[in-house]
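Q: No letters, just coordinates:
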């Protein structure tokens, strides 16, 4: 008997599907253990997926939340990257030609940045992403990228996500990075800010027309655009 496939929760669009948001949860560097539906890293993304659906369903946005087969990054196998590629293929099969936005937290942010080279991907929203030194940026070429990080994060490095954003700026269509003051890795203390920025970026990447906060971010000078306080 073969290994079980990853699991996907789907919140459908109202009417015709015009775009899909793929939400990717966090994990750890090494673990071949499974990801049950009560795993905190997975549960953390459920409210964000639901909020994205509420905001976008009338505009034809479908939201899919991927639950990985294994909890770890597990180099060189890169299990969650394989799972995300699988999920993207499912999206292509179900909705050929529709644009996709990737939203990932922690390890899920790293996964999103790796699979952003899928031709359907318009934008990547990386929340407290795990971007170790030397993380490749090539996959974000020509895409819109939003990075959001808490200033008190002790699990993933705000310094490293800033360095990634600086390198990505050379090839991405555009990059902005927000720093949420007094916020840690779990996105709990100021959860509404994370959600607001994620929704604004996602809807803009799909339909155009930036919210004021993002319009100002895109217009800011390079160094300031990558360290926007909020």
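A: Cool, got the structure. Because the structure is a prediction, the values reported are computed rather than measured.
Q: and residue 223, helix, strand or coil?
A: At residue 223 the chain is in helix, as set by DSSP: H, G, I helix; E, B strand; the rest coil.
Q: Give me the number of neighbouring residues for it.
A: 8 (other C-beta atoms under 10 Å). Glycine gets a C-beta too; all of them are placed from N, C-alpha and C.
Q: distance of it from residue 121?
A: 27 Å (C-beta to C-beta, to the nearest Å).
Q: now swap in residue 106 and tell me
A: Relative to residue 121, and taking C-beta to C-beta, residue 106 is found at 19 Å.
Q: Those two: which is more packed in?
A: Using other C-beta under 10 Å, the more surrounded residue of residue 106 and residue 121 is residue 106, with 26 against 22.
Q: tell me which residues in the helix or strand bottoming out on mean pLDDT in the chain are buried?
A: Least confident helix or strand of the chain, by mean pLDDT, DSSP states H and E, is helix 212-219 with a mean of 90. Buried positions in helix 212-219, judged by neighbour count with 16 or more other C-beta atoms under 10 Å: 213-214, 217.
Q: which strands and helices sit next to that helix?
A: For helix 212-219, the packing partners by 3 or more C-beta pairs under 8 Å, 6 or more residues apart in numbering; DSSP states H and E come out as strand 174-180, helix 191-207.
Q: Pipe these into JSON lines and attach distance to residue 165, mean pLDDT and mean neighbour count per row.
A: Shown next, in JSON lines, are the helices and strands packed on helix 212-219 (distance: least, C-beta to C-beta, whole Å; pLDDT from 0 to 100; neighbours: other C-beta atoms under 10 Å):
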{"stretch": "strand 174-180", "distance to residue 165": "5", "mean pLDDT": "97", "mean neighbour count": "22"}
{"stretch": "helix 191-207", "distance to residue 165": "14", "mean pLDDT": "95", "mean neighbour count": "20"}
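Q: what's the closest of the ones you listed to residue 132?
A: With C-beta to C-beta as the criterion, residue 132 lies closest to strand 174-180 of the helices and strands packed on helix 212-219, at 16.7 Å.
Q: Quick one: residues contacting the closest residue to residue 92 other than its chain neighbours.
A: Leaving aside its chain neighbours, residue 92 sits nearest to residue 120 (6.6 Å; criterion: C-beta to C-beta, 6 or more residues apart in numbering). Contacts for residue 120 (C-beta atoms under 8 Å, 6 or more residues apart in numbering) come out as 88, 91-92, 97-100.
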